[in-house]
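**Q** give me a 3D structure for the following:
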Amino acid sequence: MTPGLMIAAPASGSGKTTVMLGLARALCREGRRVQCFKSGPDYIDPAFHHAATGRASFNLDSWAMERGRIAELILRGADADIILAEGSMGLHDGVAVQGACGTGASADVSALTGWPVVLVIDASGQAQTAGAVALGMACYRPGIRVAGAVLNKVASPRHEALLRAGMEAAGIAVFGALPRNADVCLPERHLGLVQAGEHSALPLFLDRAANLVAAHLDVSAIAASAASLPLHGKGRPIRPPGQRIALARDAAFTFTYPHLLDAWHASGAEILPFSPLGDEEPDEAADVCWLPGGYPELHAERIASAHRFGDALRRFAQTRPVHGECGGYMVMGAGLEAADGSRHRMTGLLGLETSFARRRMHLGYRRAVLEASVPGHDAGAVLAGHEFHYASILNQPDAPLASVTDASDAPVPETGSRRGHATGTFFHLIDGAA
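**A** Below you'll find the predicted structure:
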């Protein structure tokens, strides 16, 4: 098994993405083949991983994925020299009720795979206490091992000395310390980092992150601490939504999990990308059209004026299935209210009306029992997914697509909709039954 590491932290915002990208790039510059993964539901970080290493990065999700699916995906790194997995939120953070093989916590993946944890500690406002935090992280759950810590946002040599004293007292190795004013950061927006494809200077950022890591961390010691446990199995077959899939793909439609696209390709399906923002039509040779999530609210006016796209989508839906997820679902609706209160006419395949002027966060795992079929799944199928957006529903008049519950089995009103050949959901599909 390829040895691996989990790059994690006690909380979001600790700097793990910068450490992850800098470390991945630094190891690649040494000539090592680095395979990246992302723990939990996230579309944005894997694209940065791909940019840093030149290899596709995949999500591993202990709530939505069975153990066999995780094992199957880890095989993507069989030819790599080292695996780096980026955690989400805090190391032990997950939902209250276990799903397929865990709660969605990064610690689940570490325990399953045997990947030791590199703990990124935001040292702002503390000194020896950081050692107590690291010790608590290491001891909280049996079955995981903290290989060592990276001290981030260190203010001075004196601050570093106090931090190291605390870590030594806690028995936690220190891989190095990153200065507080390193000025290596990525811009963010409401769903996380601004997407990798929107950064014209991304290669420069990655090299700066690698230089920072190489200058301040013991990269060799970090790599030497990698390890793994044997993990075997295979997930349920993933049926593609069609043989020829017209897939919306541009700055407004980017959120598709790499493992699903990979599975569609592996099954022999042909993916035919097109750009709604470019006013392109779905390929007439396609037997299904798929509109992923993304940022339609940032491009609502342009989507509304893409008449060629809208007309073609409506013609397509007269005879063939069209399915949308989250942002794609909103674009299939009747209208979208932008943050400034302006309403933009969408494609009208469904009656859904959504608003970003009445902002409300929807975040969490979703389990859906389909009341009607969607491309790739029959009525009655149980799907596991994730919802993350800030839109409010003003009207959802069509027949519900599914009975949807959250991770604690409480029903949620975002049931999705269906009308004729058109279907849509607010949740993004991750895998089969959780």
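
**Q** now do the contacts for Leu363.
**A** 387-388 (CB atoms under 8 Å, 6 or more residues apart in numbering). (Glycine included, C-beta is placed from N, CA and C.)

**Q** the helix or strand encompassing it: how far from the chain's middle?
**A** Element membership for Leu363 (DSSP states H and E) is strand 362-370. Centroid displacement of strand 362-370 relative to its chain, using CA atoms, centre = their mean, to the nearest Å, is 15 Å.

**Q** partners of that strand in the sheet?
**A** Sheet partners assigned to strand 362-370 using DSSP bridges are listed as strand 382-389 (antiparallel), strand 402-405 (antiparallel).

**Q** what's the most buried one of these?
**A** Of all these, strand 382-389 has the most neighbours on average by mean count of other CB atoms under 10 Å, namely a mean of 22.

**Q** state the next helix or strand along the chain beyond that one.
**A** strand 392-395.

**Q** can you list the strands that the helix or strand that comes right after that next one pairs with?
**A** Following strand 392-395 in sequence order, the next helix or strand is strand 399-400 (DSSP H and E). Applying DSSP bridges to the sheet, strand 399-400 is found paired with strand 417-419 (antiparallel).

**Q** hmm, what's the outermost residue in the protein?
**A** Arg158 (37.7 Å; CA atoms, centre = their mean).

**Q** the host helix or strand of it: what's the following helix or strand?
**A** Using DSSP H and E, Arg158 sits within helix 157-170. Once the chain leaves helix 157-170, the next helix or strand it forms, by DSSP H and E, is strand 174-179.

**Q** which strands and helices sit next to that following strand?
**A** strand 146-154, helix 157-170, helix 202-216 (3 or more CB pairs under 8 Å, 6 or more residues apart in numbering; DSSP states H and E).

**Q** pLDDT weak spots in the stretch 51-200 of the chain?
**A** Low-confidence segments of the stretch 51-200 of the chain (pLDDT under 70): 182-183, 185-200.

**Q** Ala173 versus Thr129, what's the distance?
**A** Counting by CB to CB, to the nearest Å, the gap between Thr129 and Ala173 amounts to 18 Å.

**Q** compare these two (neighbour count), which wins?
**A** Just comparing Thr129 and Ala173: by other CB atoms under 10 Å the higher neighbour count belongs to Ala173, 17 against 13.

**Q** can you show me the helices along this structure?
**A** Taking DSSP state H as the criterion, the chain contains helices spanning 16-29, 44-53, 67-74, 106-113, 129-139, 157-170, 202-216, 219-224, 258-266, 300-304, 307-319, 327-332.

**Q** for Ile393, what are its contacts?
**A** Residues near Ile393 by CB under 8 Å, 6+ apart: 352-354, 413-414.

**Q** of the residues you listed, which is the nearest to Ile121?
**A** Glu414 (36.7 Å; CB to CB).

**Q** which residue is the nearest non-sequential neighbour of that closest one?
**A** Phe426 (4.0 Å; CB to CB, 6 or more residues apart in numbering).

**Q** the one you found contacts Tyr329, doesn't it?
**A** Yes. Using CB atoms under 8 Å, Phe426 is in contact with Tyr329, at 6.2 Å.

**Q** need the residues touching each of these two.
**A** In contact with both Phe426 and Tyr329: Gly416, using CB under 8 Å, 6+ apart.

**Q** from Val150, how far out is the nearest residue to Ala221 once chain neighbours are set aside?
**A** Spatial nearest neighbour of Ala221, chain neighbours left out: Phe175 (6.0 Å); criterion: CB to CB, 6+ apart. According to CB to CB, Phe175 and Val150 sit 5 Å apart.
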